[in-house]
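Colleague: Mind folding the following:
(chains A and B)
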2 protein chains.
Amino acid sequence: MSEEKEHSQVIYIGKKNTISYVLVAVTILNKSDECSIQARGRQISKAVDVAEITRRKFLADKVEVSKVEIGSEELQGTEENPITKTVSTVEIVLTKKE
Amino acid sequence: MSEEKEHSQVIYIGKKNTISYVLVAVTILNKSDECSIQARGRQISKAVDVAEITRRKFLADKVEVSKVEIGSEELQGTEENPITKTVSTVEIVLTKKE
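Modeller: Numbering: from 1, shown residues only, chains lettered A, B, ... in the order given. This is a model prediction of the structure:
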């Protein structure tokens, strides 16, 4: 979704529960300065939860939201269901405070 | 969620379908320069959909996302269920291009 992807570690939000992703984010941020949380469709709400819980509960005052970007992505249909769908996407970057 | 609230018209995303809110956004942006889309919890994904569909399908090349902000809000419990919950929030501001 952006060039920053190459520099910061990315978490793709899927169907696991919120806290699993929070723990991944905390682990990444304990080792590096930046973490990018990406999601699409219905998982967008969960991505915001992951960012907020990480920022407020686990690494309070240590990280901040440095970027929130929304966009759209085309999903190619499958053979069974050949309709191309557009889904919304989000990228939230958490950065350690200096 | 920000001081801009006073200047731009706000759409609170609730349980109606996505297209209803898109039409409200289009109507607002036909009259004024800015529109703030706000949501919390599970409706956050819908807010992103509303912004993206408005920007890409209905007012293509006429509006842009000028701000995306995430945050948290405390929800006071009711008498029946007195637990205070924290929910994530989002504010997306669409602005007419010059």
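
Colleague: tell me which parts of chain A are close to chain B?
Modeller: Counting by CB under 8 Å from any CB of the partner chain, chain A comes close to chain B at A:41-45, A:48-49, A:51-52, A:56, A:65, A:68-72, A:86, A:88-90, A:92. Every residue, glycine included, has its C-beta placed from N, CA and C.

Colleague: Just the buried ones among the residues you listed, please.
Modeller: A:41-45, A:48-49, A:51-52, A:65, A:68-72, A:88-90, A:92 (16 or more other CB atoms under 10 Å in any protein chain shown).

Colleague: Mind checking which of the residues you listed land in strands?
Modeller: A:65, A:68-72, A:88-90, A:92 (DSSP state E).

Colleague: per-residue pLDDT, A:E80?
Modeller: Confidence at A:E80, expressed as pLDDT, is 83.

Colleague: Next, find the distance separating it from chain B.
Modeller: 24 Å (CB to the nearest CB, to the nearest Å).

Colleague: Now do that residue: how many residues are near it, please.
Modeller: 5 (other CB atoms under 10 Å in any protein chain shown).

Colleague: And A:A60, by the same measure?
Modeller: Applying other CB under 10 Å, I find that A:A60 has 9 neighbouring residues.

Colleague: go on, A:D33?
Modeller: Neighbour count for A:D33, taken as other CB under 10 Å: 15.

Colleague: hang on, A:I83 packs against A:G77?
Modeller: Yes: the criterion here is CB atoms under 8 Å, and A:I83 meets it with A:G77 at 4.7 Å.

Colleague: Those two: who's more crowded?
Modeller: Ranked by neighbour count (other CB under 10 Å), A:I83 and A:G77 place A:G77 first, with 11 against 8.

Colleague: Dihedrals phi and psi, that one?
Modeller: phi -70, psi 160 (degrees, to the nearest 10).

Colleague: from what I can see it touches A:T86, true?
Modeller: No: the criterion here is CB under 8 Å, and A:G77 misses it with A:T86 at 11.6 Å.

Colleague: How much space separates A:I53 from A:V90?
Modeller: A:I53 sits at a distance of 16 Å from A:V90 (criterion: CB to CB, to the nearest Å).

Colleague: meant to ask about A:I13, not that
Modeller: Counting by CB to CB - A:I13 and A:V90 are separated by 9 Å.

Colleague: ok, now A:D49?
Modeller: Distance from A:D49 to A:V90, by CB to CB: 12 Å.

Colleague: One more: A:G14?
Modeller: 14 Å.

Colleague: cool, A:I83 as well?
Modeller: 23 Å.

Colleague: What segments of chain A are helices?
Modeller: Remark: helices assigned in chain A by DSSP state H are A:18-31, A:43-53.

Colleague: Out of those helices, which is the most enclosed?
Modeller: Of all the helices of chain A, helix A:43-53 carries the top mean neighbour count, a mean of 25, counting by mean count of other CB atoms under 10 Å in any protein chain shown.
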